[in-house]
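>>> Any chance you can model this:
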Amino acid sequence: MKDRAWIFVVAMLALALVPGNVSATGEKPAWQVGDFWEFAGWDDQLGVRLNLTQRTEVVAFESLTQDGRTYETVRLVNAQERDLWWRGGNMTFVITQWYQVSDLSLLREQWDLDYWPFSNTTANITIEYRPSWQLYAFPLYLGEEWSTSSAWTVLNQPANTTLWIPYTSLHRIRSVIDYPLPAAPGSPDGGRVYRVFELERTIPAGGGLWRYFWSDEIGYWIHHELRDAQDVEILRLDLRAHRFGTGSSVTAVFPWVTATLLAALLAAALAASGTDRGRLAISRWLLLPLFTRLKKEEVLDQFTRGRIYQFVEGRPGSHFSEILRHLGLAHGGLAYHLSVLEREGMLHSRTQGTRRLFYTRGALPPEESTSAIERAILERLSESPGLTVPALAVRLGAKRQVTLYHVRRLAQAGRLRLERSRLSLRCYPQTTTAPEAAAARDLQD
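Prediction:
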């Protein structure tokens, strides 16, 4: 009886990995913070085929004010990497998007582009859509057609230019098909067949055609391609892994046949063993490596997020590129870990110009905190000019990194000056000379 129970449990576990029935209702997806979609493919727009990866994640639900009106939005972060194999590096783009919650029309995009090693340049571009751009018109249905006319307000940094660009695109749902995702090494979603809406988008002004395969099951598109005016495919991305609502790639690890065979093999193995020793051996072979690997990944993730948190704590207001440059992380990985830290309330962020600045919990942007800590720094230095940063941190009861950050801000604002004395960095109010400071210290001693 116990053997039969074991066989039943293992068979049900294996069959739980089998994908269920797919559908195509075309309803607007109910995104949640933490949902993500990972893609891989290639980009041939430069005339050289580049390996391309993208990770899209739902980061936050927040209010967005544009043209004096406040919208309820959902913020997505798209991190792209193109492998410039002939130059030994990756060209990376991070695109943050704000969609209206009501209909998922696009209101704003922020592009942080790093062209290294293709060139030593970066760009920060903000695009505001007036009116919002309707890429998807839910509910989707076969034969649906619509057009969207909008204008891009492009704020370009560091050139600091503003452009108005009229923009029109035509959309139609061409078909509803079953699309098998291409199998790929390490791709849990590879080999799955999804029921999808085939959406075409054309841009009359420039020609070319975009195709998206939208899947209700995963709440996003699973295939994306771009064709030029001659109908030559020049870009392709396919889903590799995802998490959406209660579903994830874990439920799509094996195609039907593989999962069915696995269930049969596991059941046969357990039935043949019939002993606790056999069950223990099978558990060790099949389950222990899985849990060991997951534990190791969790540890590495926590270590990386700890490094990010410590960096932001020491440098409040750091932006994405700054964190990336100092910690040497991959764009996609950094975007993911920042979103987790924001979701868990460890960090918060705000947009300033074309950048998104990050702060630890409780830390306020400079303009919101006329900085009580900076006023305290100036007061301590007026009493004791020439204090070192560690001594100043002790008197303030603050961390050394935080104190150093505010000292540098005050120095940049011309409210205090820093002088190197042997191995120490001493701080002086702007109106105090070094001899006066030495005399003050002698009186204190």
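>>> domain parsing for the chain?
Here the domain parsing of the chain from automatic domain parsing is 2-16+255-286, 36-251, 298-360, 370-444.
>>> could I have stretch 328-341 exported to CSV, CA atoms only?
The C-alpha atoms that make up stretch 328-341 are tabulated as CSV, following Å, rounded to 0.1, in the frame of the first residue of the first chain:
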residue,chain,number,x,y,z
GLY,A,328,30.7,45.6,-12.8
LEU,A,329,27.3,43.8,-13.1
ALA,A,330,25.4,42.8,-16.2
HIS,A,331,22.7,45.3,-17.2
GLY,A,332,19.9,42.7,-17.0
GLY,A,333,21.1,41.4,-13.6
LEU,A,334,21.4,44.9,-12.1
ALA,A,335,17.9,45.9,-13.4
TYR,A,336,16.5,42.7,-11.9
HIS,A,337,18.2,43.1,-8.4
LEU,A,338,17.2,46.8,-8.2
SER,A,339,13.6,45.8,-8.9
VAL,A,340,13.7,43.2,-6.2
LEU,A,341,15.2,45.7,-3.7
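>>> what does it contact?
34, 36, 53-55, 57, 59-60, 77, 79-81, 90, 92-94, 114, 301, 304-305, 308-309, 320, 323-324, 327, 347, 349, 358 (C-beta atoms under 8 Å, 6 or more residues apart in numbering). To be clear about C-beta, it is placed using only N, CA and C from the backbone, and glycine gets the same treatment.
>>> Among those residues, which are located in helices?
Applying DSSP state H to the contacts of stretch 328-341, the entries found in helices are 301, 304-305, 308-309, 320, 323-324, 327.
>>> now the residues you listed as TSV including neighbour count and distance to residue 376?
What follows is the ones in helices among the contacts of stretch 328-341, written out as TSV (neighbours: other C-beta atoms under 10 Å; distance: C-beta to C-beta, whole Å):
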residue	neighbour count	distance to residue 376
301	14	36
304	17	33
305	18	30
308	22	28
309	18	24
320	24	30
323	19	27
324	20	32
327	15	30
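>>> And residue 109, how close does it get to residue 223?
To residue 223, residue 109 is 22 Å away according to C-beta to C-beta, to the nearest Å.
>>> now the strands: where do they sit in the stretch 251-400 of the chain?
Taking DSSP state E, counting those that start in this stretch as the criterion, the stretch 251-400 of the chain carries its strands at 318-319, 347-352, 355-360, 387-388.
>>> can you redo the ones you listed as a markdown table with distance to residue 186 and mean pLDDT?
Shown next, in a markdown table, are the strands of the stretch 251-400 of the chain (distance: least, C-beta to C-beta, whole Å; pLDDT from 0 to 100):
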| stretch | distance to residue 186 | mean pLDDT |
| --- | --- | --- |
| strand 318-319 | 32 | 84 |
| strand 347-352 | 29 | 80 |
| strand 355-360 | 30 | 83 |
| strand 387-388 | 51 | 88 |
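>>> so which of these comes closest to residue 64?
strand 347-352 (9.1 Å; C-beta to C-beta).
>>> Please save the CA atoms from that closest one in CSV.
Backbone C-alpha positions of strand 347-352 (Å, rounded to 0.1, in the frame of the first residue of the first chain) are rendered in CSV as follows:
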residue,chain,number,x,y,z
LEU,A,347,15.4,50.9,-1.9
HIS,A,348,13.2,53.5,-3.4
SER,A,349,13.8,55.6,-6.5
ARG,A,350,12.7,58.8,-8.2
THR,A,351,13.1,60.3,-11.6
GLN,A,352,15.2,63.4,-12.0
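>>> what about the stretch 251-400 of the chain, any weak spots by pLDDT?
Per-residue confidence of the stretch 251-400 of the chain (counting by pLDDT under 70) places the weak regions at 251-301, 352-354, 362-371.
>>> Residue 219 contacts residue 243, doesn't it?
No: counting by C-beta atoms under 8 Å, residue 219 does not reach residue 243; the two are 9.8 Å apart.
>>> which residues do the two both contact?
The contact sets of residue 219 and residue 243 overlap at residue 35 (C-beta under 8 Å, 6+ apart).
>>> how close does residue 341 sit to residue 396?
Spatial separation of residue 341 from residue 396 under the definition C-beta to C-beta is 26 Å.
>>> same deal with residue 196?
As defined by C-beta to C-beta, residue 196 lies at a distance of 58 Å from residue 396.
>>> Between the two, tell me which one has more neighbours.
The residue with the greater number of neighbours, taking residue 196 and residue 396 and applying other C-beta atoms under 10 Å, is residue 196; the counts read 23 against 16.
>>> my read is the more buried one is in a strand, agree?
Yes: in this structure, residue 196 lies within a strand as judged by DSSP: H, G, I helix; E, B strand; the rest coil.
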